[in-house]
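K.L.:
how would this look folded up:
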Amino acid sequence: MIWPAEDLWQALVAWQPGLTVEVLPQIDSTNTELMRRARAGQNDPVLLVAEAQTAGRGRLGRPWHGQTGDALTFSLGLTLMPRDWSGLSLAVGLSLAQSLDPKGALGVRLKWPNDLWVAQPGTPSAWGKLAGVLIETALTAGAAADQARYCVVGVGINIAPPQASGLSTAPLGWQQLSPQATAPSTLTQVALPLLKSVLAFERDGFAPLQALFNARDALHNQTVSLSDGRAGIARGVDLDGALRVETAQGIERITSAEVSVRPQ
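P.N.:
Predicted coordinates:
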């Protein structure tokens, strides 16, 4: 594959001085690699792309493998110091959705807290998973716990229709919605807006994005079950990005650290 690394670098470095763009033919996981570097004291901003991943990870350690050309897998690493980290994965997901489907005409929606879903054609109640986000952080050298962290924003987007079975949400490929899409063209589509979104989040937090997220919320007014046994109706997210679930006890705030959410 031919990657527009030079053009991407020129666009990105204007917003994040010192940033580099690396494309590797294969690696275990772009997130794992950048976290290894961070623990070794390498905190330079970087966009690391892998044509293939052998041990990619999603939320809660779930595997996410990307074969060459079938998926776009990359991680953006940079040092951040937001006032509040709450809602970063939602901001990243929103940025991806807006880049891929600016007007929402293709049906790209956000499944709290870190997935992109698309309604399957002809089956409005069934969803396909298009993409996922995994965010990890590491303290920078000499920093206190409440100070700057090296943040790794990992993104996996299915490009070709995936061959998978037995999953609670069937995977869906971007080429099913945009037939001419490739991993390099999709990276060009999402990378710069993503960097801008992350920098805006550092400055402003999640609150300015609340309404935009709720407008694309795949769980809105859906009955959902929580991993701790509770159930209720999803009522959007609050200013901090917590999911609001209406249960028998009233509206409860759910954070990504507490539960996993699935439509019933």
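K.L.:
make it CA atoms for all contacts and neighbour counts henceforth
P.N.:
Fine.
K.L.:
distance between the helix or strand harbouring residue 136 and the chain's centre?
P.N.:
Using DSSP states H and E, residue 136 falls within strand 123-139. Counting by Cα atoms, centre = their mean, to the nearest Å, strand 123-139 is centred 6 Å from the centre of its parent chain.
K.L.:
that one: partners in the sheet, and parallel or antiparallel?
P.N.:
The sheet places strand 123-139 alongside strand 115-120 (antiparallel), strand 149-158 (antiparallel), strand 170-171 (parallel), with pairing taken from DSSP bridges.
K.L.:
check which helices and strands the longest helix along the chain sits against.
P.N.:
Longest helix in the chain by number of residues (criterion: DSSP state H): helix 183-204. Judged by 3 or more Cα pairs under 8 Å, 6 or more residues apart in numbering; DSSP states H and E, the packing partners of helix 183-204 are helix 5-13, strand 71-80, helix 88-100.
K.L.:
what pairs with the least confident helix or strand in the chain by mean pLDDT, parallel or antiparallel?
P.N.:
Every helix and strand in the chain was compared by mean pLDDT, DSSP states H and E; the lowest is strand 261-263, with a mean of 76. Here strand 261-263 is paired, per DSSP bridges, with strand 223-226 (antiparallel).
K.L.:
centre of the chain to the partner strand, how far?
P.N.:
The answer for strand 223-226 is 22 Å, by Cα atoms, centre = their mean.
K.L.:
that one: what's the following helix or strand?
P.N.:
As assigned by DSSP H and E, the chain's next helix or strand after strand 223-226 is strand 231-237.
K.L.:
can you show me the CA trace of the helix or strand that that following strand is followed by as PDB?
P.N.:
Moving toward the C-terminus from strand 231-237, the first helix or strand encountered (DSSP H and E) is strand 243-247. Taking C-alpha atoms only, strand 243-247 is exported to PDB below (Å, rounded to 0.1, in the frame of the first residue of the first chain):
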ATOM      1  CA  LEU A 243     -24.100   7.800  30.200                       C
ATOM      2  CA  ARG A 244     -27.500   8.700  31.800                       C
ATOM      3  CA  VAL A 245     -29.600   5.600  32.300                       C
ATOM      4  CA  GLU A 246     -33.200   5.800  33.700                       C
ATOM      5  CA  THR A 247     -33.600   2.900  36.100                       C
END
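K.L.:
bridged to residue 247, which residues?
P.N.:
Assigned bridge partners for residue 247, using DSSP bridges, are residue 250.
K.L.:
and it, what is it in contact with?
P.N.:
Contacts here follow Cα atoms under 8 Å, 6 or more residues apart in numbering; on that basis residue 247 touches 230, 231, 232, 233.
K.L.:
okay if I get those residues as CSV plus neighbour count, distance to residue 196 and pLDDT?
P.N.:
Output for the contacts of residue 247, formatted as CSV (neighbours: other Cα atoms under 10 Å; distance: Cα to Cα, whole Å; pLDDT from 0 to 100):
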residue, neighbour count, distance to residue 196, pLDDT
230, 12, 37, 87
231, 19, 36, 91
232, 22, 35, 94
233, 20, 33, 95
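K.L.:
between those, which sits nearest residue 94?
P.N.:
Among the contacts of residue 247, residue 233 lies closest to residue 94 (Cα to Cα), at 21.6 Å.
K.L.:
surely the closest one meets residue 246?
P.N.:
Yes: contact criterion Cα atoms under 8 Å: residue 233 and residue 246 qualify, at 5.0 Å.
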